[in-house]
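Asker: Turn this into a structure:
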Amino acid sequence: MTVDFHSRSLARLRNPELGLGLGSGLPAGGPNSGPGMAFDFVASEALDSRITFTRGSAATRVNALGQIEVVGNNVPRFDYDPVTLEARGLLIEEPRTNFLIQSEFMDGLPPSRGPLVTITTFAGLISGTGLAFGYDGISSPYFYVTNYAVPASLPRVISIFVRMDDGGAPAFGNNATQHPANDFVFNLGGTVLAPTAANGGKVEDYGGGLYRVSLAITTSAAPGSSCGVIKYAANSTRTFKVSGIMVEAGALTTSYIPTSTSAATRAADTAVVFGAGFAGWYNQAAGSIIVAFDRNPAIDSTDRGMVSLDVGSASSRMILYSSTIGRMLGASGGTTVFSFANVGSIVTGTRYTMALAYALDDFAACMNGGTLSVDGSGIPPAASQMTIGGGPGASALNGHIRSITYYNRRLPNADLQRLTA
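Answerer: Numbers count the residues shown, from 1 in each chain. Next comes the predicted model:
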């Protein structure tokens, strides 16, 4: 399965508040009903001073030139499409570890390797080094990184960046390992599979002939420590170069984590608005919040937050979140105030805009201009802060927040649909 980042639907507003204007040029509801707060993470890389952003480690992003680069601790990642160079917004991810050392083979050839594997230059990552795979129709070149004791029966993802010598995309056309429709296969702790879509594989286009190939599996009951790439003699005749190998916990890839002599961990991205920066625009009695976002190319069933109005814990919150479907929840003192359990499906390669409006005994929600969900009973849960790309009781988004807009009044239902369409 090949994912082109530039194939995403573009029918989402970057600045939702501009969509409210009627023929008079004024927002619906009168001249004072414009947004009380608007964060646009696509238009600029300047983070609004009201947002407190932290991350206790370096991390990588795709910059405005389409290049993968490292940014330092506590630096927000404004990410870009590596093919079209379009701004994607603020990247928010959960903590992940790359368990494999020497991800770009800076210290030379791995000790565990077969014939026809050589050190080479590799453009597009951090160090400029990689491995070249040859082909003679007889040998089966391979390499393994063996420092990681792969755990049994747990979700793990192996990934690597690839440049095919003919300039094309890597191809995986058959689920069998030794088949000419496959350019190579992965070994993850003794589980050897071709990275086809049916096997949990994915190919992502990073532009300029650079691709990231991944395979998500549940490890075997008795795994080994070999993690790497095999090119069987029975595979295709195409040759290629690789670099940036990574094994991480979970069922989907996240941004690349380079390593040298030890495993490396990327800390969680956190973005919160609190104190005067929150109180200056928030209305406890009634309001409407709209968030535009996307999820990473792989969608999992974990509840992942886009935005939350909360007190720093799950005891009182109004949260917009998603797994394979969009959801919204309000709770206070351990009691559910409202629950919109399904406002629409979440699928790979699509942008979404969700809206929640609240007032006394009056809650409404929708996504992408779809059918409204309403609840006519309850007091809006108290909030003292806004959590961006997460929230109490939910995991980090693992995706991009494009914009957040807040109105300090309860918008009409028709406007909720218009602003998210």
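Asker: Return the residues in contact with G56.
Answerer: Shown in contact with G56 (Cβ atoms under 8 Å, 6 or more residues apart in numbering): N73, N74, A267, A268. Using the backbone N, CA and C atoms, a C-beta is placed for each residue, glycine as well.
Asker: Check these against G277 and report the nearest one.
Answerer: Taking Cβ to Cβ as the measure, G277 lies nearest N74 of the contacts of G56, at 17.2 Å.
Asker: Span of stretch 300-307 from start to end?
Answerer: For stretch 300-307, the first-to-last residue distance is 18 Å (Cα to Cα, to the nearest Å).
Asker: Tell me how far it lies from the chain's centre.
Answerer: Offset of stretch 300-307 from its chain centre (Cα atoms, centre = their mean, to the nearest Å): 10 Å.
Asker: What of stretch 276-285?
Answerer: 29 Å.
Asker: Give the buried residues for that stretch.
Answerer: G277, F278, W281, Y282, N283 (16 or more other Cβ atoms under 10 Å).
Asker: Now for the last one: which residues touch it?
Answerer: N283 is in contact with G36, N408, R409, counting by Cβ under 8 Å, 6+ apart.
Asker: wait, isn't Y135 in contact with T237?
Answerer: Yes - contact criterion Cβ atoms under 8 Å: Y135 and T237 qualify, at 5.5 Å.
Asker: ok, those two, which is more surrounded?
Answerer: Y135 (19 against 10; other Cβ atoms under 10 Å).
Asker: got a pLDDT number for the more buried one?
Answerer: We have a pLDDT of 98 for Y135.
Asker: Then R295?
Answerer: 89.
Asker: Domain map for the chain?
Answerer: 2-56+269-420, 97-266 (automatic domain parsing).
Asker: Which one of those lies nearest to N63?
Answerer: Comparison of the domains of the chain against N63 by Cβ to Cβ identifies domain 2-56+269-420 as nearest, at 9.5 Å.
Asker: for the closest one, the distance to its chain's centre please.
Answerer: 17 Å.
Asker: what's the helix or strand for L416?
Answerer: Per DSSP states H and E: L416 is located in helix 413-420.
Asker: what's that helix packed up against?
Answerer: Here helix 413-420 touches strand 287-295, strand 352-359, strand 362-367, going by 3 or more Cβ pairs under 8 Å, 6 or more residues apart in numbering; DSSP states H and E.
Asker: Repeat the analysis, applying 6 Å as the threshold.
Answerer: Helices and strands touching helix 413-420, as assessed by 3 or more Cβ pairs under 6 Å, 6 or more residues apart in numbering; DSSP states H and E, comprise strand 352-359, strand 362-367.
Asker: Quick one: mean pLDDT over the longest one.
Answerer: Confidence over strand 352-359 (mean pLDDT, whole number) is 98.
Asker: Parallel or antiparallel, list what pairs with that strand.
Answerer: The strands beside strand 352-359 in its sheet (DSSP bridges) come out as strand 287-295 (antiparallel), strand 362-367 (antiparallel).
Asker: okay if I get those as CSV plus mean neighbour count?
Answerer: Formatted as CSV, the strands paired with strand 352-359 follow (neighbours: other Cβ atoms under 10 Å):
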stretch, mean neighbour count
strand 287-295, 26
strand 362-367, 24
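Asker: Skipping its backbone neighbours, what lies nearest the residue sitting furthest away from the middle of the chain in space?
Answerer: In the chain, the greatest distance from the average C-alpha position (Cα atoms, centre = their mean) is reached by I138, at 40.3 Å. Distances taken as Cβ to Cβ, 6 or more residues apart in numbering place A233 nearest to I138, at 5.7 Å, with adjacent residues excluded.
Asker: now G344
Answerer: G344 sits nearest to M367 (Cβ to Cβ, 6+ apart), 4.4 Å away.
Asker: For the one you found, list each beta-bridge partner.
Answerer: Beta-bridge partners of M367, counted by DSSP bridges, are M354.
Asker: strands paired with the helix or strand harbouring S214, and their directions?
Answerer: If you go by DSSP H and E, S214 is part of strand 211-218. Within its sheet, strand 211-218 is paired with strand 155-164 (antiparallel), strand 201-205 (antiparallel), according to DSSP bridges.
Asker: so which of those gets nearest F143?
Answerer: Using Cβ to Cβ, the nearest of these to F143 is strand 155-164, at 10.2 Å.
Asker: Thanks a lot, see you next time.
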